[in-house]
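Q: quick one, what's the 3D model for this:
(2 chains)
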Amino acid sequence: MAKDPQTPDPKAPRGMSRFFRTVREITYGMAAHDMTRAALRTRASMEHLFILITMGDLLGVPILPPYYSMRLLPYVVPQISTWKRRMLREKDATDAIF
Amino acid sequence: MNTLWVVIFGTIVIYLAYNFYAKRIDREVIQADPKRATPARMYTDGVDFMPASRNVLYGYHFKSIAAAGPIVGVITGVNLWGWSPSILWLLIGVSFIGWASDYSAIMVAVRNEGNSLSAIAHRLISPRTRTILFLFIFFYLLLIAGAFVGILAPTLGARPDVPFGIFVLALMGLLAGQMLYKMKVDLVVVTLVVVVATILAMALGPLGVNLAKAPVDWSQGPISGAIVAINKSVDTAGPLYTVVDPTNADPRIPAPGADGKRPTTATYDAATGAIKVLPSYLLWAVFLLVFSYLGANLPIWRFAQPVNYIGFWITGLVIILSALGAVLAPFLNPAVAAFKAAAFKGFLPAQPTGAFQPLWPMLFVTIACGAISGWHALFGSVGTARQLEYETDGLPVGGGAMFSENALGLLSLTAVSISGGAGGVAFASGVGRLLNVGTFGALPVGYGTALGFGAFVVIVLTVTQLIFRLMRVTLGEWLGEAWGGFKNQHVATVVSMIAATLLLLSGTWVYLWQLFGASNQLMAALSLLIVTVWLASTKRNPAFAGIPMLFMYVTTMAATLVTAYNLYVTILLRPSLSAISVWGAWAMIIVAILLFATALVIGLDGWQAYVRYRSAPPRAAPAPARARG
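A: This is a model prediction of the structure:
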């Protein structure tokens, strides 16, 4: 089951350490979270392009599965479901600008 | 009235609105359920859909929505109607409309698989709504870009101590990108180097100038003197043409003197009310466009992101110290804390040359962000909603960030009101005094004011560069199919910049700002419309979104018409004005009509969808997907 945020976590920091953790997280969110997301997006774009080139047939792109695609398949498997969702998800301009 | 009362009123109203209204809507209408799987947990892809802590998301959302809007709008609102209606609108607006807009836009996206507002409108209202929204968004961005460059260019021209800091900010942005991503230097070291260097450069701007003597002789300083020399050398040929601002809100118009009359300056002719468009104005506009061009076209890690990162620390420091000053001023220096701006200038304050500026609807579009903003809804539905770990985080993140932005608007109002002047000068001057108190006198008022100007420019400029980045993407997405050239980022950026510059140079700034405000608030009304239709489609009480939507929709449509009327009466009917002003007025009237027509179509479609869903028999709601974990 999912963790219920309303149930106190016995391992969660308390008192001042909780306060400092909150301040640290808010500062990170304001200062650097968008930079992290941009870096992740860049990496994901590269990886997805790579999977598209090698495994495009999974989406119906007419790429004959060559020998190297088969060799790469075990390494790509963990990302395939995410990749298919990202590639096939409906997108529009507002997705592109943010 | 003094700064302490603003802090007390603001704290009480925000506390009551958040705890007794927002939480109730969250619990009883939206019924946020921490066990219901959010898109971030259902579709975790490590990129767009990724659960994040509510504290991180609060900071992220606040940083993304808090920009120049709550500052510039409040400055203009206090100038036109006085501080009392401005503070009332800020507090009432955020309590009943602003938080509801931000929060509900996030929640409607969370409950619709993280889809954007336009995709939800496509499904819930009609397919054409999405197309119209694209058109709307482009003109909305165009108006923001024109209005922001329009307030920055005269500020840089009038304050020769500021451009050097901005120039160094650009250099430090490039350096930070290089150090972080290429040289892999630790973030703390990079932060120390670039932020300290930028603040030093901002402090060096007024070096050697006697800031206590009025008027300040900027030619005394080695840095500001060089900027003065540049301005003089390009202005030798005199003004290019003149424009007028019938409301006296343009930043080039000086504040009235002790006798109540405005003095004639290099940019303003008091006898005729004409604002001179000098070549230096054009020069600083080009400087800003070059800065924005880099932000719009270089890889985001190379320039835009590091510049925003440096900007965050500078503006954060200024805001925190100013807020501290606002709290301490009544005790340490009551003279600073007292409001000097007029409390109320009337429901229909008289404007020179007959401009029609009734409190309703114009105040509600002039002060946009801080009370309510469509930008927040757009960003929240696409950026924040996809990272929400639990539905119950929606309120502290969306609502909490909006209430925090309201606090920024209140701080801006305080800064403007204690200085008693007008425009960015009043804001920077007020910030200077608050910084002086907030640092217990360590920072002299003159240097605090210079830092206030610098922070003002940084806040607006960091957003402006991103606006042009968004414009080029939107243009490529919107018109790229019609002509492939728009898919080229440089072509799209240049076209966007030319359009914004034409609007800026030929238009009247206050109308540009009010049209932006109207489009921003209309965007918020359309977002609330989508939420209302969604609530109706799920057979829930849509009143908390529907009533604010109706108010904002009617108000902003009326404001668009009033602005078009003002443009016609005060610009087009004055035969003495230059042809450029006349063409600018026509361009803005056309944009106003376009905004009005697109909003009318979306409103009509929304109403039909609402009636359709209300009359449909209730359907058994599907069981919510449960989170795995």
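Q: surely residue B:261 is in contact with residue B:270?
A: Yes: with the criterion set as CB atoms under 8 Å, residue B:261 and residue B:270 qualify as a contacting pair; they are 6.8 Å apart. Just so you know, the C-beta spots here come from the backbone N, C-alpha and C atoms, and that holds for glycine as well.
Q: so the closest residue to chain B within chain A is in which element?
A: Scanning chain A for proximity to chain B using CB to the nearest CB identifies residue A:29 as nearest, at 2.5 Å. For residue A:29, the element it lies in under DSSP states H and E is helix A:15-31.
Q: the nearest residue in space to residue B:478 that is not next to it in sequence: neighbouring residues, count only.
A: Leaving out its chain neighbours, the residue that sits closest to residue B:478 by CB to CB, 6 or more residues apart in numbering or on different chains is residue B:134, at 5.0 Å. If you count neighbours by other CB atoms under 10 Å in any protein chain shown, residue B:134 ends up with 17.
Q: correct me, but residue B:134 touches residue B:476?
A: No: distance between residue B:134 and residue B:476: 11.4 Å, which falls outside the contact criterion (CB under 8 Å).
Q: let's test this: mean pLDDT of the lengthiest helix in chain B, rounded?
A: For chain B, the longest helix by residue count, based on DSSP state H, is helix B:579-615. Across helix B:579-615, the average pLDDT comes to 89.
Q: which other helices and strands does it contact?
A: helix B:127-158, strand B:241-244, helix B:489-506, helix B:509-537, helix B:543-567 (3 or more CB pairs under 8 Å, 6 or more residues apart in numbering or on different chains; DSSP states H and E).
Q: figure out which of these is closest to residue B:105.
A: When the helices and strands packed on helix B:579-615 are ranked by proximity to residue B:105, the top entry is helix B:509-537, at 5.0 Å, counting by CB to CB.
Q: off-centre distance for that closest one?
A: 14 Å (CA atoms, centre = their mean, to the nearest Å).
Q: surely the residue of chain A closest to chain B is in contact with residue A:37?
A: No: assessed by CB under 8 Å, residue A:29 is found out of contact with residue A:37, at 10.9 Å.
Q: between these two, which one's more packed in?
A: More neighbours sit around residue A:29 than around the other of residue A:29 and residue A:37, counting by other CB under 10 Å; the figures are 26 against 18.
Q: low-confidence ranges in the chain?
A: Using chain A. Using pLDDT under 70 as the threshold, the predicted model of chain A has low-confidence ranges A:1-8, A:96-98.
Q: not quite, go with chain B.
A: Low-confidence segments of chain B (pLDDT under 70): B:352-353, B:421-422, B:618-629.
Q: just the closest residue of it to chain A, please.
A: Closest residue of chain B to chain A, CB to the nearest CB: residue B:59 (2.5 Å).
Q: show the contacting residues for that residue.
A: Contact criterion CB atoms under 8 Å, 6 or more residues apart in numbering or on different chains gives A:25, A:26, A:27, A:28, A:29, A:30, A:31, A:33 as the residues in contact with residue B:59.
Q: one more pass at 10 Å, please.
A: Contacts of residue B:59 were listed using CB atoms under 10 Å, 6 or more residues apart in numbering or on different chains, and they are A:22-33, B:52-53, B:312, B:397, B:401, B:404.
Q: count the residues that sit near the residue lying closest to residue B:117 once chain neighbours are set aside.
A: Leaving aside its sequence neighbours, residue B:117 sits nearest to residue B:381 (CB to CB, 6+ apart; 4.7 Å). As a burial measure, the neighbour count of residue B:381 was computed by other CB under 10 Å and equals 32.
Q: thanks again, I'm all set now.
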